[in-house]
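K.L.:
Model the structure of this input:
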Amino acid sequence: MSKYKEIKGFKVQTLATDTAASGVFSATWASGGALPAALTESAGAGVTVNAALNFGGQGNPPSPLHPVSGETDSYNGTSWTEVAELNTARRLLAGAGTQTAALAYGGWPPNYVNTEEWNGSAWTNVADLNTAGRQATGVGVNAEACLMVAGKNRVSSVESWNGSSWSEIAEINTPREQTNNWGTSTSAVTAGGIDNPGAVIANVESWNGSAWTEIVDLNVGRSRAGTAGADNTEGLFFGGNTIAPALVATTEYFDGSSWTEVADLASAIAMEASAGHSAGNAFQIAGNTAPGTRLATTSEFVAPSAFSKINLGQVYFNSGSNAFKVTQQLAPAGTWSSGGDLNTARYRIGGAVNATQSAGLIFGGNGSPYGQTEEYNGTAWSEQNDLNSGRYASYGGAGTQTACVTAGGYYPAGSPQYATALSETYNGTSWTEGNDLNEGRIDTATFGTSTAAVLAGGGEASGGPNTVSSVEIYDGTSWTETTNLPAVTQEMGSLGVSTAGLVFGGSVDSNPTTKNTTVEWDGTSWTAGGTYPISVRYLTGFGSSTNGIAAGGYKYPTAYSAVCNVYNGTSWSEVAELTTARLGTSGNGTGAAGFVAGGEISTGSVASTEEWTVPETNSTITVS
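P.N.:
Residues are numbered from 1 along each chain as shown. Down below sits the predicted model:
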């Protein structure tokens with residue numbers, strides 16, 4: 001780090017303080033203007049969704065069998081305008097470049113080698129490809145330096161355009177057709193495609209200007225998809241065919257080392273054109289939703305310039321390369337590792353959801369005694385003073401290791417046993433009984449602080465239990481009823497603070513049917529959030545409503561879950577799984593550093609702790 005100098009007084013926002021920092025992980029697809037005519041198998045070019053070009057393709061009507069189009073349409077961010085047609089009408093062609101300087105090459109029919117150059121007003125025939133380019137795809141930010149990758153009959157050929165002619169260059173490692181590419185002539189990615197008849201692949205290769213290298217695979221292998229990206233360090237891959245005629249709406253984001261699913265297209269689409277030279281500024285054009293169909297629709301994917309990375313506030317200047325660097329954390333790179341074991345194995349336990357990885361707190365649970373409290377110092381657990389009224393199934397506590405409130409839960413000391421309304425606060429040393437809840441309940445969701453807490457839903461043990469939707473808030477002294485949940489829910493996970501909280505998963509009336517809903521709390525009302533990827537109950541969470549972690553749980557009828565997901569304020573994305581699948585565990589911490597402790601597996605309670613850590617990385621700040 002000797003070259004790096006800290007920049008004093010430079011404020012770097014975090015996900016918690018800068019809503020734009022959620023970036024591509026918070027972006028969604030929105031409808032754009034409709035094309036003048038429905039198309040599939042066309043090609044696109046353009047840098048942004050405000051300046052795109054679409055040309056060629058297969059149009060209507062569906063008879064004759066293979067109608068081809070030479071139509072070219074230009075987009076201004078709102079509507080499409082017909083401009084000069086291609087000299088050779090064709091489909092299954094490749095495209096590259098911008099709205100005013102593009103290249104169209106390959107395709108079918110009548111030949112696969114024809115190349116045309118666009119100058120903003122007209123197409124001109126230029127030098128042909130060396131190898132037929134039907135079902136090939138193009139790469140290039142400008143019409144002076146493009147690539148043609150693979151093509152019909154699963155080939156490995158690659159050609160480079162220098163502004164006047166094509167030259168054969170290093171081949172890809174895995175022959176394929178209907179592959180999907182983005183980047184430049186010196187830094188590109190090719191992903192997916194077909195390597196055998198009817199068999200799609202997830203294989204991905206990176207181009208550095210001289211050679212192709214196989215890198216991490218797509219999560220979902222497919223062909224005939226859309227792409228956007230500037231180079232081999234970042235890109236977006238969306239839609240496509242899995243095994244024809246199956247189509248998907250899946251969108252995946254590539255950060256240079258891994259793929260993460262982000263917001264899906266509104267509909268499963270294949271054979272579409274695409275444009276955009278950044279992952280956060282992509283355009284899906286036309287295509288089909290089933291064999292024989294044509295679309296005139298377009299979709300825009302626009303994200304803020306900063307992506308889902310937590311900026312830690314350390315900004316440096318590299319005097320050797322004249323580059324700004326910022327220390328960041330990317331949630332999909334997080335991992336789980338073993339921590340210290342609890343002194344007593346137990347499940348359905350409570351915890352201080354906003355405590356930290358090095359100062360954690362859990363309490364209660366089905367172990368003996370029911371009120372046992374333990375504190376975590378980042379290495380080991382130590383026993384503390386018990387709850388005054390031992391209980392379990394209270395799920396969660398609002399606050400930290402030194403200031404926490406918990407309420408409700410299953411109170412085994414009564415006869416008969418019942419859902420209690422008891423409330424207690426912890427000051428870092430001992431528990432003190434406070435004012436009761438208005439309604440006793442078990443299996444609730446609790447989040448916030450010891451002086452501003454939210455307790456939502458749960459089950460009434462009497463005659464059921466019967467699941468409730470009622471919500472109570474705590475001001476440090478008493479509990480007050482407030483806006484109900486949109487639906488009755490119990491056994492759910494929760495995280496956040498009293499003005500920005502999250503409740504997810506759960507079940508209803510002990511019915512084995514689990515839920516995958518997410519609801520967000522803004523301090524006054526509940527709104528629907530992103531759908532949780534699986535239906536699950538008895539899960540836990542920690543972190544913020546814009547960078548939260550959910551872990552574990554139970555999927556009916558016998559599946560203990562190790563699945564973990566990160567929430568970016570809009571949607572969930574899967575991250576590394578727990579080492580041990582479990583239910584009824586408790587979590588503390590932030591989206592960058594936290595833990596889960598205890599829980600139940602198929603053979604009974606466990607005492608193990610797993611720590612969640614997102615590594616820090618130094619990334620270049622691009623100044624434009």
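K.L.:
In the chain, what residue spans correspond to helices?
P.N.:
In the chain, no segments count as helices under DSSP state H.
K.L.:
dump the residue contacts of Ser573.
P.N.:
Residues in contact with Ser573 (Cβ atoms under 8 Å, 6 or more residues apart in numbering) are Phe25, Thr260, Glu261, Val262, Ala331, Pro332, Asn565, Val566. Backbone N, C-alpha and C define where each C-beta goes, glycine included.
K.L.:
Need the pLDDT of the last one.
P.N.:
In the prediction, the pLDDT value recorded for Val566 is 93.
K.L.:
what do you get for the one 10 residues further on?
P.N.:
For Ala576, the model assigns a pLDDT of 90.
K.L.:
is it true that it touches Gly334?
P.N.:
Yes: applying Cβ atoms under 8 Å, one finds Ala576 in contact with Gly334, separated by 6.2 Å.
K.L.:
and those two? which has more neighbours close in?
P.N.:
Gly334 (20 against 14; other Cβ atoms under 10 Å).
K.L.:
and the residue lying closest to that one once chain neighbours are set aside, how many neighbours?
P.N.:
Of all residues not flanking Gly334 in the chain, Val614 sits nearest, at 4.1 Å (Cβ to Cβ, 6 or more residues apart in numbering). Residues within reach of Val614, counting by other Cβ under 10 Å, total 24.
K.L.:
With Asn516 as the reference, measure out to Val614.
P.N.:
As for Val614, its distance to Asn516 is 25 Å (criterion: Cβ to Cβ, to the nearest Å).
K.L.:
Excluding sequence neighbours, find me the nearest residue to Gly32.
P.N.:
Thr298 (3.8 Å).
K.L.:
so the one you found makes contact with Ala30?
P.N.:
No: applying Cβ under 8 Å as the test, Thr298 and Ala30 come out as separate, 9.9 Å apart.
K.L.:
If you count surrounding residues, which of these two has more?
P.N.:
Ranked by neighbour count (other Cβ under 10 Å), Thr298 and Ala30 place Thr298 first, with 26 against 12.
K.L.:
and that one, bridged to which residues?
P.N.:
Ile285 (DSSP bridges).
K.L.:
Let me see the contact set for it.
P.N.:
Here Thr298 is in contact with Ser31, Gly32, Gly33, Ala34, Leu35, Tyr75, Trp80, Phe283, Gln284, Ile285, Ala286 (criterion: Cβ under 8 Å, 6+ apart).
K.L.:
Can you turn the buried part of the residues you listed into a PyMOL selection?
P.N.:
A single PyMOL command selects the buried members of these (16 or more other Cβ atoms under 10 Å):
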select buried, resi 32+33+35+75+80+283+284+285+286
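K.L.:
Show me the contacts of Thr298 that map onto strands.
P.N.:
Mapping these onto strands (DSSP state E) picks out Ser31, Tyr75, Trp80, Phe283, Gln284, Ile285.
K.L.:
Return the closest of the residues you listed with respect to Ala445.
P.N.:
Among the ones in strands among the contacts of Thr298, Ser31 lies closest to Ala445 (Cβ to Cβ), at 34.9 Å.
K.L.:
I figured that closest one hits Phe301, correct?
P.N.:
No: judged on Cβ under 8 Å, Ser31 makes no contact with Phe301 at a distance of 11.4 Å.
K.L.:
got the ones in strands among the contacts of Thr298 as TSV, with distance to Thr186 and pLDDT columns?
P.N.:
Below are those laid out as TSV (distance: Cβ to Cβ, whole Å; pLDDT from 0 to 100):
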residue	distance to Thr186	pLDDT
Ser31	35	92
Tyr75	27	94
Trp80	32	95
Phe283	23	89
Gln284	26	93
Ile285	26	92
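K.L.:
what bridges to Ala559?
P.N.:
Beta-bridge partners of Ala559, as defined by DSSP bridges: Lys555.
K.L.:
Kindly report the same for Gly501.
P.N.:
Gly496, Trp521.
K.L.:
Quick check: it vs Ala199, distance?
P.N.:
For Gly501 relative to Ala199 (Cβ to Cβ), the value is 46 Å.
K.L.:
These two: who's more crowded?
P.N.:
Per other Cβ under 10 Å, whichever of Gly501 and Ala199 has more neighbours is Gly501, with 28 against 12.
K.L.:
And the lowest mean pLDDT element among the helices and strands of this structure?
P.N.:
Least confident helix or strand, the chain: strand 4-6 with a mean of 36, by mean pLDDT, DSSP states H and E.
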